[in-house]
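> sharing a model prediction with you, sequence too.
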Amino acid sequence: MVDTLCTSARSKRMSLIRGKDTKPEMVVRRLVHSMGYRYRLHRRELPGSPDLVFSVRRKVIFVHGCFWHRHPDSTCKLARMPKSRHEFWVPKLESNASRDRRNEQALKADGWDVLVIWECETKDQSLLESKIQAFFNDEID
């Protein structure tokens, strides 16, 4: 399949995608705050610059976009592979997922608990709240 946009238009569109303050991240931040937990944002000295950092508890939360971070759940429709330019997208997206795994391992080696919340999980508020509560109650890894 051929891209419907020219190279410059595609480049401009892709440059508009943000890495911080995304809609899924804002959903998680509002929910965590309403649950009474306080956090810091994007601490750059930590591997992967986690989205939410709970320093006293030594816990971090990453909010990953299913497409960009290759959500491994086969039922997730947001993690589809683009139909064009496979030679570009496959290595790009696989390196993102590989980097995520390295950052998570480095954080765990330093004694941090890590929770990854996927974009598709932010749609069900009650399930998301249960997952976060379990994370803070040390019920999940």
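Looks like it arrived, so ask away.
> all strands of this structure, in order?
40-41, 52-54, 59-64, 113-118 (DSSP state E).
> would you turn those strands into a markdown table with mean neighbour count, distance to Lys131 and mean pLDDT?
Just so you know, the C-beta spots here come from the backbone N, C-alpha and C atoms, and that holds for glycine as well. Below are the strands of the chain laid out as a markdown table (neighbours: other CB atoms under 10 Å; distance: least, CB to CB, whole Å; pLDDT from 0 to 100):
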| stretch | mean neighbour count | distance to Lys131 | mean pLDDT |
| --- | --- | --- | --- |
| strand 40-41 | 12 | 20 | 96 |
| strand 52-54 | 21 | 13 | 97 |
| strand 59-64 | 22 | 10 | 96 |
| strand 113-118 | 19 | 7 | 97 |
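> tell me which helix or strand of this structure sits lowest on mean pLDDT?
helix 7-15 (a mean of 70; mean pLDDT, DSSP states H and E).
> centre-most residue in this protein?
Geometric centre of the chain, nearest residue: His64, 1.4 Å, by CA atoms, centre = their mean.
> give me every residue that touches it.
Residues near His64 by CB atoms under 8 Å, 6 or more residues apart in numbering: His71, Asp100, Val116, Ile117, Trp118, Glu119.
> give the contact list for the closest residue to Glu121 other than its chain neighbours.
Nearest non-adjacent residue to Glu121, counting by CB to CB, 6 or more residues apart in numbering: Leu128, 5.8 Å away. By CB under 8 Å, 6+ apart, the contact list for Leu128 reads Val27, Val28, Leu31, Ile117, Glu121, Thr122.
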